[in-house]
Structures are given as C-alpha cells and as structure tokens.
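Chemist: here is a sequence together with a model predicted from it:
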Amino acid sequence: MKTLAWEHHALQLLDQTRLPGEERYLCCTRWQEVRDAIRILAVRGAPAIGVAAAYAMVLAARDIAADEPDKTQFEIRLAEAGRGLDGARPTAVNLHWAVQQQMNLARRALSSHTVAETVELLEQGACTIERDDAEMDRRIGRYGAGELGKSRQPLTILTHCNAGALATAGIGTALGVIRTLHSQGLVRQVYADETRPLLQGARLTVTELMDDHIPVTLITDNMAAWVMKTKGIDAVVVGADRIAANGDTANKIGTYGVAVLARAHNVPFYVAAPASTFDLTIPDGAAIPIEERNHDEVRSLGGIVATRPDVDVFNPAFDVTPHDYITGIITEKGVIHHPDDAILATFFRKEG
Ligand SMILES: CSC[C@H]1O[C@H](OP(=O)(O)O)[C@H](O)[C@@H]1O
C-alpha cells in the first residue's frame, strides 16, 4: 500500500478516505484532479500533499505545453495552476513550498531551455522532492530514536492523528520515529488517539502500526488525559503542518490539548517534521492560517448524522501548540530542543 505512485503519464493516489476498508487508487492525469484529491483528503498529510502537488505541477506543465505556448505564456499558465493547487488547503506549508520549488525550477529552466525541456526538468524536480522526503523520514527516524531512546528502555508512546507513511513519501515523521524505535526493540506500546472528526488515528495510524506488528492501543481523544495519568506514557510524538519562526506548531486539531496534558503530566512532547515544514516568514503561531472544514464532518460519524442536522458547528482542522510546550522538534538535520525564535534562527543559520 503506497501513498502515491508516479507513472510518468499519471499520478496514482491512494484514496485515504476509503481506508481502512478499501484500498483504491485515484488515477490523476490532470492537476485539477490532484487539487480535488487534496481538498477531500484522499491524499493528506503535509509532506504527502507537497509531493502530490509537485507531480501535479508536472501534469499542469504537460497540459499547457501541448498548446505550444511561448515561454511567457507557459510560465503565466503554470503559475495559475500553482495558485489553484496552493489554495487546496491553507495550513500545510509543504503544499506551498512544493509549488514554489517547482515554479522556481521552471523560471530558472526557461531562461536556457525550451518549454518541452522545462517540462522534463519539472518531472525530475518532482521525483527529487519525493525521493528527498523519503530520505528525510529516515533521518528524522534516526534522530528521533536517538532522542527518545536514550534510556535504551522500551517506551510507551502516545501519538495523535497520522504522521506516518500515509502522510509522507517515506516511513513517516512521527511514525518514522516510532518505527525506528521499534526496530531497536524500544517500543513497549503505542497509544493512538482516534482523532476526530476524520479519524486519521483510528483509520490510518492503527492500520500502519498493526501492519508493521507494532503494539498499538486505540483510544478516543477524550481518553488521553486518563491514559497519561494511568498508563505511564513516556513521551508524546506528533507531526506538524506548519512551524512558525518561534517554534509555534500547527498540527491536527487536538494536538494542543495533548501538549497541555503532556505538560500537566510531565511527559516530554515532541514534534517530528522536515525542514520544509518550517515557515520562517511568519513570526509566531498567530499568523498560521487555520483551515476550517465542512460542518458535516463534525455532525456525522462514519457517514451517519449523530446530531441535529441544523446544529451550529465549529470545525477547525488544526490548532497551534505554543513553542514553550514543545520539548523538541525532531528534523532531518537534528533535534531542536526547547525551540524559540533565537534557537531556530541559530539552527537554520548553522544548517544553511
Ligand atoms: C507528517 S505530518 C502530517 C500531518 O497532517 C495531518 O493533517 P491532515 O490529515 O488533515 O492532512 C496531521 O496534522 C498530521 O500531523
């Protein structure tokens, strides 16, 4: 089961809205189909959305090139497709990052290559983004296992939502850490929040961990406090969708609550994310756009309406955990302990 597969003429996307019951792929030959798949969370997870968008830019470039435009028209129309993709979901910065990476590549290429050559270079660029994401997951896994596994004793870990292979092009970020710890015999038990309203934990994280024979217990989101109090949680590790310059981190709704509980129970709280998830253009979490989604997602459960159909609903898909609740951010370049703006500025200046 792969999150996505590039087949040169099409992008195959695993339709995650049908998991765990059905493994069905969407065959996308037009960039608009990828945009729509992102919107409905058929493909989801910040890094995976970025990789899908990178390939969608190739599909767009091919469509545009078929009209034999001049270079200026090609760039204008490609940028228009990029804006369309960028607007599919506002919070995960990886989407915007990947679109900009491909646009920058196209602009550089057009200065010395034909449109047709530029399309080929965009395909190579997308393949590089996918390959790099998988390698970053491996490095995040190693750094994270080194950080969480210092005691060399098996750990009981809590995670929220899905930051696994289904959210990336590799082994996952938070689940990459858990997978690496498990390969070292250092996972006693994982507690997975179901993650209402779309149940990424129950549907996706449970699937991934059980398929890999990693011991996992599913809990409802409102059980996290009692689990931390009674089950000896050694650490929390979650993913991220956008990290501001001071370390404030946007992640799936409910993450902030888990961070507050972790502080109350003196449990280390880690975020696992590649450098492409940092948005150093924004100073703090207040500036991170929070996607609000369809109200029926909250009104129903498994497609069955569970309340009055006309009840008012608040459905933010993400929340922001303040940086001072975060023990460390695990990246492919190392662990950033107790992140704040000064520490992040030094980290990225050193890393280049
Ligand atoms: C590898 S981080 C993935 C990140 O994305 C998820 O959100 P969604 O399922 O809505 O795309 C969640 O916030 C995860 O932590």
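Modeler: That came through fine.
Chemist: near the ligand, which residues of this structure show up?
Modeler: Residues of the chain lying close to the ligand by C-beta under 6 Å from any ligand atom are 41, 44-47, 161, 163, 167-168, 173, 200, 238-241, 251-252, 317. C-betas here are computed from N, CA, C, even on glycine.
Chemist: now with 5 Å, please.
Modeler: Within reach of the ligand by C-beta under 5 Å from any ligand atom, the chain has these residues: 44, 45, 46, 161, 163, 167, 173, 200, 239, 241, 251, 252.
Chemist: isn't the last one up against residue 195?
Modeler: By that I understand residue 252. Yes: counting by C-beta atoms under 8 Å, residue 252 touches residue 195, with 6.1 Å between them.
Chemist: let me see the ranges of the strands in the stretch 201-350 of the chain.
Modeler: Using DSSP state E, counting those that start in this stretch, the strands found in the stretch 201-350 of the chain span residues 216-219, 235-238, 242-244, 249-252, 269-272, 278-279, 300-301, 304-305, 318-321, 328-331, 334-337.
Chemist: go on, the stretch 1-150 of the chain?
Modeler: All strands of the stretch 1-150 of the chain, identified by DSSP E, counting those that start in this stretch, fall at 4-6, 11-14, 25-28.
Chemist: mind listing what the first one pairs with, with the direction of each?
Modeler: So that's strand 4-6. Here strand 4-6 has these sheet partners by DSSP bridges: strand 11-14 (antiparallel).
Chemist: measure the nearest residue to residue 99 once chain neighbours are set aside to residue 54 for me?
Modeler: The shortest distance from residue 99 to any non-neighbouring residue, by C-beta to C-beta, 6 or more residues apart in numbering, is to residue 82 (4.3 Å). According to C-beta to C-beta, to the nearest Å, residue 82 and residue 54 sit 11 Å apart.
Chemist: compare those two (neighbour count), which wins?
Modeler: Counting neighbours by other C-beta atoms under 10 Å for residue 82 and for residue 54 shows that residue 54 has the greater number, 31 against 22.
Chemist: which ones are touching that one?
Modeler: With contact set as C-beta atoms under 8 Å, 6 or more residues apart in numbering, residue 54 has these partners: 98, 99, 101, 102, 125, 126, 129, 130.
Chemist: of those - the most surrounded one?
Modeler: That'd be residue 98 among those, by other C-beta under 10 Å, with 30 neighbours.
Chemist: would you check which pair of the contacts of residue 54 lies furthest apart?
Modeler: The distance between the two most remote of the contacts of residue 54 (C-beta to C-beta) is 14.7 Å, for 99 and 130.
Chemist: now do the buried residues in stretch 110-120.
Modeler: By 16 or more other C-beta atoms under 10 Å, the buried positions in stretch 110-120 come out as 110, 115, 118, 119.
Chemist: likewise for stretch 56-69?
Modeler: Judged by neighbour count using 16+ other C-beta under 10 Å, the buried positions of stretch 56-69 are 56, 57, 58, 59, 60, 61, 62, 63, 64, 65.
Chemist: excluding chain neighbours, what is closest to the residue in the stretch 251-352 of the chain that the ligand sits nearest to?
Modeler: Closest approach between the stretch 251-352 of the chain and the ligand, counting by C-beta to the nearest ligand atom: residue 252, at 3.4 Å. Closest residue to residue 252 apart from its sequence neighbours, by C-beta to C-beta, 6+ apart: residue 161 at 3.7 Å.
Chemist: right, I'll leave it there.
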